[in-house]
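Trainee: starting from these lines, generate the structure:
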Amino acid sequence: MRHIRSVLMKRLLTATLLPASFLATASHASTVVIWPVDPILKPGEQATALWLENKGDKPVTLQVRSFDWAQPQGDDALTPQNDVVVSPPIAVVPAGKRQLVRIIRRDPAAAAAPERAFRLLIDEVPTQPAAGDPAAASARLAVQMRYSIPLFTYTADPGAQKVALVARTIATGDGRVVEIRNTGTLHARLTDLRVVLGNQERMIKAGLSGYVLPGATVRFVIPGDAAGVVKVGVNGVDQTLEPAT
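Mentor: Purely as a prediction, here's the structure:
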């Protein structure tokens, strides 16, 4: 179990840890472990579990919110919604303890598409220093962290859904970009975006490059002299993308 949590924490830090604000070096910062980092709700499931663990030496207050996630212009857009809710929305997790948060889908059969995307934002809420605490003289000790993890819900078997990506390299006013479009019914988690030039691969963006949701198109800026076939990890499997027509 310790090894599994270590792996999950590594994935979280490399993929989904987003600093919301840093006012100073954190002398009292907690260490929060969140798992699973890729929760889903399968067809017919109404709820799933999200665990928050405080590995620090002081209590931490965490707020959990759920948002609808879309990519209307290629950029992530989060919108408040009530189809998926969390309980409890705010939790105080003591040092060395963990808290169960339930992710609840109100109507498992309501979505029209087989897959729907959400984002869970977990914010560490700064606590006010106690009266008389020397830290009270400086608000710079307040530190907030934001963790953002994807949530996908399904009304049909996720194993039957497919990713269908096409790519093209185009010139824009901001330079050359790789444009990747997903015409399938399943999201694509993109890693290690490369351009193949002859027998050589040129890395454009190492590690997690981003997501492209069904029906969406995303763009990545590339060097002006880079052109060729696009190669990228798609949900853990390398793919060479066919040019768009």
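Trainee: just give me the residue right at the centre of this protein.
Mentor: What sits nearest the mean C-alpha location of the chain, by CA atoms, centre = their mean, is Ile149, with 3.7 Å.
Trainee: identify the bridge partners of that one.
Mentor: Leu120 (DSSP bridges).
Trainee: relative to Ala47, how far out is it?
Mentor: Ile149 sits at a distance of 16 Å from Ala47 (criterion: CB to CB, to the nearest Å). C-beta coordinates here come from the backbone N, C-alpha and C atoms, glycine included.
Trainee: could you do Ile104 as well?
Mentor: Where Ala47 is concerned, Ile104 sits at a distance of 5 Å (CB to CB).
Trainee: same check, this time on Ala164
Mentor: 31 Å.
Trainee: one more: Met145?
Mentor: For Met145 relative to Ala47 (CB to CB), the value is 26 Å.
Trainee: higher neighbour count, these two?
Mentor: Met145 (22 against 13; other CB atoms under 10 Å).
Trainee: for burial, what's the neighbour tally of Pro59?
Mentor: The number of residues packed near Pro59 is 14, by other CB under 10 Å.
Trainee: OK, contacts around it?
Mentor: Each residue near Pro59 by CB atoms under 8 Å, 6 or more residues apart in numbering is listed here: Ser30, Val92, Val93, Pro94, Ala95, Thr127.
Trainee: quick one, phi/psi of it?
Mentor: The phi/psi pair for Pro59 (degrees, to the nearest 10) reads phi -60, psi 150.
Trainee: now it: how far from Pro94?
Mentor: 5 Å.
Trainee: what does Gly198 give?
Mentor: Distance of Gly198 to Pro94, given as CB to CB: 58 Å.
Trainee: the more surrounded of those two?
Mentor: More neighbours surround Pro94 than the other of Gly198 and Pro94, with 12 against 6 (other CB under 10 Å).
Trainee: low-confidence stretches in the chain?
Mentor: 1-30, 128-143, 244-245 (pLDDT under 70).
Trainee: please parse it into its domains.
Mentor: 2-155, 162-241 (automatic domain parsing).
Trainee: does Gln161 touch Phe152 like I think?
Mentor: No - with contact defined as CB atoms under 8 Å, Gln161 does not count as touching Phe152 (9.8 Å).
Trainee: between the two, which contacts overlap?
Mentor: Joint contacts of Gln161 and Phe152 (CB under 8 Å, 6+ apart) are Glu115.
Trainee: which strand residues bridge Met203?
Mentor: Arg194.
Trainee: ditto for Arg176
Mentor: Ala171.
Trainee: burial measure for it, as a count.
Mentor: So Arg176, with other CB under 10 Å, has 17 neighbours.
Trainee: any idea how far it lies from Gly56?
Mentor: 44 Å.
Trainee: now do Gly207
Mentor: For Gly207, the distance to Gly56 - CB to CB - is 26 Å.
Trainee: the two: who's more crowded?
Mentor: Gly56 (17 against 11).
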